[in-house]
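Chemist: Curious how this folds, go ahead:
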Amino acid sequence: MAQLDAQKLQLIQELEIEMMADLYNRLTTTCYKKCIPPAYSESELAKGEAVCLDRCVAKFLDIHDRIGKKLGQMTTQDEAMMKK
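Modeler: You can find the predicted model right below:
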């Protein structure tokens, strides 16, 4: 029984790492495409690019948080409906 719980915990941890890696990759790809021009003129980020990246990341994470909360509410509601 303890081994089964340890296996479940490990699976959950692996899934969480995979989800965070996916989130990071999607965030990086989305904000890079949106804020960084394809032709580089300088080796450093311009001020406008840095501001764009900051805003993009903030918005991306805000939306991710909102969606997570909404899905959590929907799951809770579905579970309550199933119990009735």
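
Chemist: which of the residues in stretch 52-65 are buried?
Modeler: By 16 or more other Cβ atoms under 10 Å, the buried positions in stretch 52-65 come out as Cys52, Leu53, Cys56, Phe60. Using the backbone N, CA and C atoms, a C-beta is placed for each residue, glycine as well.

Chemist: now do stretch 36-53
Modeler: Here stretch 36-53 shows Cys52, Leu53 as buried, counting by 16+ other Cβ under 10 Å.

Chemist: Now Leu11: which helix or strand?
Modeler: In this assignment (DSSP states H and E), Leu11 forms part of helix 2-35.

Chemist: Packing partners of that helix?
Modeler: helix 47-83 (3 or more Cβ pairs under 8 Å, 6 or more residues apart in numbering; DSSP states H and E).

Chemist: Residues contacting stretch 29-43, please?
Modeler: With contact meaning Cβ atoms under 8 Å, 6 or more residues apart in numbering, stretch 29-43 is reached by Leu45, Glu49, Cys52, Leu53, Cys56, Val57, Phe60.

Chemist: For it, give the mean pLDDT please.
Modeler: Summarised as a single mean, pLDDT over stretch 29-43 is 91.

Chemist: what about that stretch, start to end distance?
Modeler: 19 Å (Cα to Cα, to the nearest Å).

Chemist: With adjacent residues omitted, what lies nearest to the spatially most central residue of the chain?
Modeler: Compute the mean C-alpha point of the chain, and by Cα atoms, centre = their mean the closest residue is Leu23, 3.3 Å away. In space, and not counting its chain neighbours, Leu23 is closest to His64: 6.6 Å by Cβ to Cβ, 6 or more residues apart in numbering.

Chemist: Good, we can wrap up now.
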